[in-house]
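Q: I'd like to go over a predicted model; first the sequence, then the structure.
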Amino acid sequence: MAEYKCFSCEKKVSPDYLKKKVRCPYCGSKILYKPRTQTTKVKAR
């Protein structure tokens, strides 16, 4: 499964915890994101 991070405290949130609640277990924030591992550059024509 995908790895999610909290936007406020930047800690990793396990996918098993997200099945129960959509909140950070550390700070209580509702804003989570999926960090990108690789940046994609697109050239304009």
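A: Nice, I can see it.

Q: Any idea which helix or strand in the protein has the lowest mean pLDDT?
A: Taking mean pLDDT, DSSP states H and E as the measure, helix 15-18 is the helix or strand of the chain with the lowest mean score, a mean of 83.

Q: for that helix, the distance to its chain's centre please.
A: Relative to its parent chain, helix 15-18 has a centroid offset of 11 Å by C-alpha atoms, centre = their mean, to the nearest Å.

Q: what's around residue 19, how many residues?
A: 9 (other C-beta atoms under 10 Å). (Glycine included, C-beta is placed from N, CA and C.)

Q: show me what contacts it?
A: Taking C-beta atoms under 8 Å, 6 or more residues apart in numbering, we find residue 19 in contact with no residue.

Q: For it, what are phi and psi?
A: Dihedral pair for residue 19: phi -70, psi -30, per degrees, to the nearest 10.

Q: Could you check which helix or strand contains residue 5?
A: Taking DSSP states H and E as the definition, residue 5 sits inside strand 4-6.

Q: Please, where are all the strands along this protein?
A: Using DSSP state E, the strands of the chain run over residues 4-6, 12-13, 32-33.

Q: re the thing from before, could I get the least confident helix or strand of the chain in PDB with only the CA atoms?
A: The C-alpha trace of helix 15-18 is given here as PDB (Å, rounded to 0.1, in the frame of the first residue of the first chain):
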ATOM      1  CA  PRO A  15      -2.000   2.500   5.900                       C
ATOM      2  CA  ASP A  16      -3.600   0.200   8.600                       C
ATOM      3  CA  TYR A  17      -4.400   3.200  10.700                       C
ATOM      4  CA  LEU A  18      -6.000   5.000   7.800                       C
END
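
Q: For stretch 15-32, which residues meet the burial criterion?
A: Neighbour counts over stretch 15-32 (16 or more other C-beta atoms under 10 Å) mark 23, 24 as buried.

Q: Please list the outside residues in contact with the least confident helix or strand of the chain.
A: In contact with helix 15-18 (C-beta under 8 Å, 6+ apart) are residues 1, 2, 3, 4, 25, 32.

Q: Columns pLDDT and distance to residue 41 on top of those, output as CSV?
A: Shown next, in CSV, are those (pLDDT from 0 to 100; distance: C-beta to C-beta, whole Å):
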residue, pLDDT, distance to residue 41
1, 62, 28
2, 76, 23
3, 85, 23
4, 90, 25
25, 90, 35
32, 90, 26
